[in-house]
Every structure is written in structure tokens, then in C-alpha cells.
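Novice: this one's sequence-less:
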């Protein structure tokens, strides 16, 4: 499993601090949507990638249109994994897929509010993507384990499955058993009293 530490709704200075404090534990650093909206790709992703060139950075741009343009801009600014919403038009998703292949990079399809019928199409057309099972932040983690177990069953055959939405340490064994490959942890690390210790605990749990 891989650990993704999500950084959102903070200043760029705080984001820098969190990355420094989680160094060596988080496999992927997520530059969250609010950071990108507040500072732009150049003011967030590019700056952090230049400071931490060896760190894999996911840019949570949540593309739902203009797929080729947004993905290309993300890669050009140092992002390693951009995100596209699964409810987007197939033409948008295919444009994202093509640009990812052009750059030889990963990309993530966010499954928030994706119905089962669309999911079957996504599995067939984009098997190389990271599929992110996403419980809305407004749900405060309620029902995450049930959602993961259900969705992992639906995602049979997909190699890279991520989970987001209130992940806690006690959830990790369930995520692992269900077949998740990436666990995305936000506040449980970024808001911890000791971020380094929190990141270490999650890293040990996912790699155990």
C-alpha cells in the first residue's frame, strides 16, 4: 500500500511545513483543491515540487472539462498525478488519459457520485488509472468502511484503488483487506499535534 498525505485549506508556508514534517513517510503528497484555487498551479504545485523534487505530488485539480489543457498544465508545473472527476464526459476522460500517456505519468479518476453503470464504462476504458473511492468530506468519515467494501467489490480487476474521506488508523486493516492500494489521509496527519509521529504511524500501518 501507499500513503498519500492530503494538504488542504492551509497557507503555502504551512503546506511546506507539513511536507517537511512528513518526509520519508508519505509516498504521495496531495496538493489539495483549495491550495490550487488559492495560489494557482504555479504558486502551489510548482513551488512545492521545486523545493521537494523527489516527492511524488498529486494535484487535486478535479478536472471535469478541458481535460487535455488542465492535465498538460498540471504536468508542466511539476504535478505527478492530476485528478479528473469520474462523472465527466468520456471525451474529457479520454483527453486526460491521452495526456497522461504522453507524459508517461499516473492520473486519478475521482469516483465521487459516479453511478454503477458509469463505473462499468470507466473500468473498461481506463483500467490503468488510479480509481479513488471518495466519501465526501461533509460526511465526516461516516460510512467509509461500508463504502470501501462495496466499491472495491465493484472495482474487481482494477489494480490501483485509492480511498479518501476521513481515513483513520483503525480503518487501515479494512482498507487493506478490501484491496485498496493507496490510502489518502488528511486531517489525521495535517491536524495532528505531532505530524511526524502521525505520518510514521500511518506509514507503518500501510506497509505492515
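Specialist: Arrived safely. None of the values given here were measured: they were computed from a predicted structure.
Novice: how much space between the residue nearest to residue 134 when sequence neighbours are not counted and residue 196?
Specialist: Leaving aside its chain neighbours, residue 134 sits nearest to residue 112 (4.3 Å; criterion: C-beta to C-beta, 6 or more residues apart in numbering). Any C-beta I mention is one placed from the backbone N, CA and C, and that applies to glycine too. Using C-beta to C-beta, to the nearest Å, we find residue 112 at a distance of 30 Å from residue 196.
Novice: for this protein, which spans come out with low pLDDT?
Specialist: 137-141 (pLDDT under 70).
Novice: Residue 180 and residue 93, how far apart?
Specialist: 22 Å.
Novice: which one of these two has more residues nearby?
Specialist: Neighbours around residue 180 and residue 93, counted as other C-beta atoms under 10 Å, are more numerous at residue 180. The numbers are 27 against 24.
Novice: List the residues that contact the more buried one.
Specialist: By C-beta atoms under 8 Å, 6 or more residues apart in numbering, the contact set of residue 180 is 1, 133, 148, 152, 161-163.
Novice: now the helices for this protein?
Specialist: Per DSSP state H, the chain carries helices over the ranges 12-22, 33-41, 47-51, 67-76, 90-103, 116-125, 144-154, 172-178, 187-190, 195-207.
Novice: Now distance to residue 84 too, for these, in a markdown table please.
Specialist: Shown next, in a markdown table, are these (distance: least, C-beta to C-beta, whole Å):
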| stretch | distance to residue 84 |
| --- | --- |
| helix 12-22 | 22 |
| helix 33-41 | 13 |
| helix 47-51 | 20 |
| helix 67-76 | 6 |
| helix 90-103 | 5 |
| helix 116-125 | 10 |
| helix 144-154 | 17 |
| helix 172-178 | 22 |
| helix 187-190 | 24 |
| helix 195-207 | 25 |
